[in-house]
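**Q** just a sequence and a predicted model for now, questions to come.
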Amino acid sequence: MRLGRLIRDPLLWVAAAFLVLMTQMSLLAPLFAWAFPAVQPPIYASDSFAVLWLYHAALVAASSVAAIAVGIAGGVFATRPAGREFRPLIAALATIGQTFPPVAVLALAVPALGYGAAPTFVALTLYGILPVLANTIAGLAGVPAAVREAATAMGLTPLQILAQAELPLAAPLILAGIRVSVIVNIGTATIGSTVGAVTLGTPIIGGLINDKTPYVIEGAILVGLFAILTDLGFARLDRALRRFAARD
């Protein structure tokens, strides 16, 4: 029974496909050679896909951690008595950061930070704040007043109420915001290759510039599988979190 569930697990299949293609993309060489006979070599070989993924994952992880920290801190502040007046301003600033095109952020950041990962990190961080911030505010605002009143009656301080009652209850909604933020950043990180960042977008940009469609497809497949794999991982974490909360 357990083996059957494991075999049917989509997370396992996506992880296997991603690992195989990332390390053995050459297996598809005959297919790409047949579909695009004018492109030689048919498989992007300037860099290892595994190395490109490591740089891509590191950039997404760093920017996501920064966005999560800012988003949760901003959401907590906006739902405290001292910060409620600033809530519309905080939400507006986060919305501006989300709607401002990442390419424009890169163009503005490059003169100050130079080419490479730094301007991409800034763009991804700004782009990833809004989902976390919005869901943190919604999650904390949705905590029943009776819970806070009961915690206060037990003698808990405001900080203890936040840590032991509000954040655990708001955790599923906050996690949903983090999930959206990270998945969006996985796709958006590809444009960092336009300013010299090493990511899975490197073969995509190279393929577009040199009119080598197979390179674009290869990079896009890996980015898509990476995003799907991460999303499935978050879904698994969300279910575990909800089961844990139900037990409590």
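**A** Structure's in. What do you need?

**Q** report the secondary structure element holding residue 221.
**A** Using DSSP states H and E, residue 221 maps to helix 213-247.

**Q** chain center to that helix: distance?
**A** 9 Å (CA atoms, centre = their mean, to the nearest Å).

**Q** could you list the buried residues of it?
**A** For helix 213-247, the neighbour count (16 or more other CB atoms under 10 Å) marks 214-223, 225-232, 234 as buried. Bear in mind the C-beta positions are built from the backbone N, C-alpha and C, glycine included.

**Q** helices along this structure, start to end?
**A** 2-7, 10-23, 29-35, 49-78, 87-99, 102-113, 117-141, 145-153, 158-161, 167-188, 201-210, 213-247 (DSSP state H).

**Q** residue 43: which of the ones you listed is closest?
**A** Within the helices of the chain, the stretch nearest residue 43 is helix 29-35; the backing value is 5.2 Å (CB to CB).

**Q** residues making contact with the closest one?
**A** Helix 29-35 is contacted from outside by 39, 41-43, 214, 217-218, using CB atoms under 8 Å, 6 or more residues apart in numbering.

**Q** and the end-to-end length of stretch 18-30?
**A** 19 Å (CA to CA, to the nearest Å).

**Q** can you list the buried residues in it?
**A** For stretch 18-30, by 16+ other CB under 10 Å, it's 18, 21-22, 25, 28.

**Q** from residue 50, how far off is residue 23?
**A** 6 Å (CB to CB, to the nearest Å).

**Q** OK, contacts around the residue nearest to residue 18 when sequence neighbours are not counted?
**A** Spatial nearest neighbour of residue 18, chain neighbours left out: residue 225 (4.2 Å); criterion: CB to CB, 6 or more residues apart in numbering. Contact analysis of residue 225 by CB under 8 Å, 6+ apart lists 14, 17-18, 21.

**Q** likewise for residue 42?
**A** So residue 42 contacts 29, 32-33, 36, 214 (CB under 8 Å, 6+ apart).

**Q** one more time with 10 Å, if that's ok
**A** Counting by CB atoms under 10 Å, 6 or more residues apart in numbering, residue 42 touches 25-26, 28-36, 212, 214-215, 218.

**Q** mind checking which of the helices of the chain is nearest residue 194?
**A** Across the helices of the chain (criterion: CB to CB), the nearest stretch is helix 201-210, sitting at 5.9 Å.
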